[in-house]
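> next come a sequence and a model predicted from it.
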Amino acid sequence: MRIALYQIDAFAERLFEGNPAAVCPMGAWLDDTVMQAIAAENNLAETAFFVQTAPDSADLRWFTPRAEVDLCGHATLASAHVWFEHLGHTGPDVTFHTRSGALRVQRAEHGLRMDFPAVATVPCEAPAALAAGLGGHPEQVLRGMDLIAVFADARQVLALDPDFRAIAALDTRGVVATAPGDDCDFVSRCFYPGLGIDEDPVTGSAHCALAPYWAHRLGRDRLHARQLSRRGGALHCEVHTGRVLLEGRAVDYLVGEIAL
């Protein structure tokens with residue numbers, strides 16, 4: 001058996017930027033253990049698998065090298081890129097049915113626009129190990145899907161030198177550091193060592209919480225964000241009641257097959 005494999009740089013303007021994701025479109029689901037083994041073999045932050053269910057929709061699942069996850073922005077963007085650019089679909093949108101509900105992706109000005117559920121956050125006390133884990137003291141901490149550490153400026157976020165073992169021990173999916181940007185509305189860095197990803201290059205799902213926070217703080221609903229990982233990446237965010245629209249581009253890196 002051979003399975004199509006695409007490796008896509010998501011939230012990237014050019015090759016070797018953004019967040020690489022593997023995408024495997026299939027005619028039927030493989031066993032979960034096989035999909036998990038493929039994700040581990042790919043050794044990327046996420047591998048996406050989808051099965052088309054209608055002319056404009058598919059069921060979509062995401063796996064890190066260690067586990068299946070409920071939501072992944074960059075691998076959704078990569079999957080939509082494969083849907084439109086490699087599988088011959090000419091319609092204006094595709095709807096992916098996922099653990100997090102129906103996620104619609106449309107062709108848009110800045111590449112592809114994803115319609116995701118907003119993630120609520122609440123202020124909380126900083127866990128005692130957070131500052132040591134990050135290598136810096138945030139001015140505010142929020143809890144949502146992740147722990148969000150808010151810093152005063154982008155330079156502080158860029159200077160963080162995380163202790164990934166300490167972050168992995170925290171009771172959270174991951175830790176996101178964020179601050180106002182110099183040439184954009186806000187910046188971030190995202191750390192998920194508990195999922196096998198020390199620093200994620202660009203994290204769409206984290207912006208489902210970051211965008212509503214910064215929209216409220218800055219008083220506007222349309223925001224330009226940058227993630228300050230080594231690869232870097234850009235996202236355009238638009239906040240609506242209960243939803244976040246994320247726009248970005250994707251670039252092909254590899255097209256091939258897996259021999260099972």
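Done, it's in. Numbers count the residues shown, from 1 in each chain.

> now do the domain split for the protein, please.
In terms of domains, the chain is parsed into 2-117+247-259, 122-241 (source: automatic domain parsing).

> where does the protein dip in pLDDT?
Counting by pLDDT under 70, not a single residue of the chain qualifies.

> those helices in it, which residues are they?
32-42, 73-85, 130-134, 154-159, 164-168, 207-218 (DSSP state H).

> list the contacts of the last one.
The set of residues external to helix 207-218 that reach it, using C-beta atoms under 8 Å, 6 or more residues apart in numbering, is 71, 73, 116-121, 142, 144-146, 148, 150, 176, 178, 185-186, 188, 221, 223, 225, 235, 237-239, 244, 246. C-betas here are computed from N, CA, C, even on glycine.

> show me just the buried residues among those.
Buried members of the contacts of helix 207-218, counted by 16 or more other C-beta atoms under 10 Å: 71, 73, 116, 118-119, 121, 142, 144-146, 148, 150, 176, 178, 185-186, 188, 223, 225, 235, 237-239, 244, 246.

> what is the end-to-end distance of stretch 14-28?
32 Å (C-alpha to C-alpha, to the nearest Å).

> mind listing what's buried in stretch 170-181?
So for stretch 170-181, counting by 16+ other C-beta under 10 Å, buried means Leu170, Thr172, Arg173, Gly174, Val175, Val176, Ala177, Thr178, Ala179, Pro180, Gly181.

> and what of stretch 7-19?
Result for stretch 7-19 [16+ other C-beta under 10 Å]: buried residues Gln7, Ile8, Asp9, Ala10, Phe11, Ala12, Glu17, Gly18, Asn19.

> same thing with stretch 80-87?
Ala80, His81, Val82, Trp83, Phe84.

> tally of neighbours for the residue lying closest to Asp200 once chain neighbours are set aside?
Of all residues not flanking Asp200 in the chain, Cys190 sits nearest, at 4.5 Å (C-beta to C-beta, 6 or more residues apart in numbering). By other C-beta atoms under 10 Å, the residues close to Cys190 number 26.

> what are the bridge partners for Cys190, then?
Val176, Asp200 (DSSP bridges).

> my read is that it contacts Thr178, right?
No: the pair Cys190 / Thr178 is not scored as a contact, 9.1 Å apart, by C-beta atoms under 8 Å.

> anything in contact with each of these two?
By C-beta under 8 Å, 6+ apart, no residue touches both Cys190 and Thr178.

> so how many other residues sit close to Gly204?
For Gly204, using other C-beta under 10 Å, the count is 26.

> what does Trp29 give?
The burial count for Trp29: 13, using other C-beta under 10 Å.

> against Gly88, how distant is it?
22 Å (C-beta to C-beta, to the nearest Å).

> now the strands: where do they sit in the stretch 51-200 of the chain?
57-63, 68-69, 93-98, 101-108, 111-117, 122-123, 140-143, 147-150, 175-180, 186-192, 197-200 (DSSP state E, counting those that start in this stretch).

> how about these, which one is nearest Val157?
Taking C-beta to C-beta, strand 175-180 is the member of the strands of the stretch 51-200 of the chain nearest to Val157, at 4.8 Å.

> OK, contacts around the closest residue to Gly18 other than its chain neighbours?
Of all residues not flanking Gly18 in the chain, Ala12 sits nearest, at 2.9 Å (C-beta to C-beta, 6+ apart). Ala12 sits next to Gly18, Asn19, Val202, Arg231, Gly233, Gly248, Arg249, Ala250, Val251 when contact means C-beta under 8 Å, 6+ apart.

> just to revisit the earlier point, just the helices of the chain: most buried one?
A comparison of these by mean neighbour count, using mean count of other C-beta atoms under 10 Å, puts helix 73-85 on top with a mean of 27.

> name whatever forms a beta bridge with Val122.
Beta bridges link Val122 to Arg143, judged by DSSP bridges.

> now it: how far from Gln52?
39 Å.
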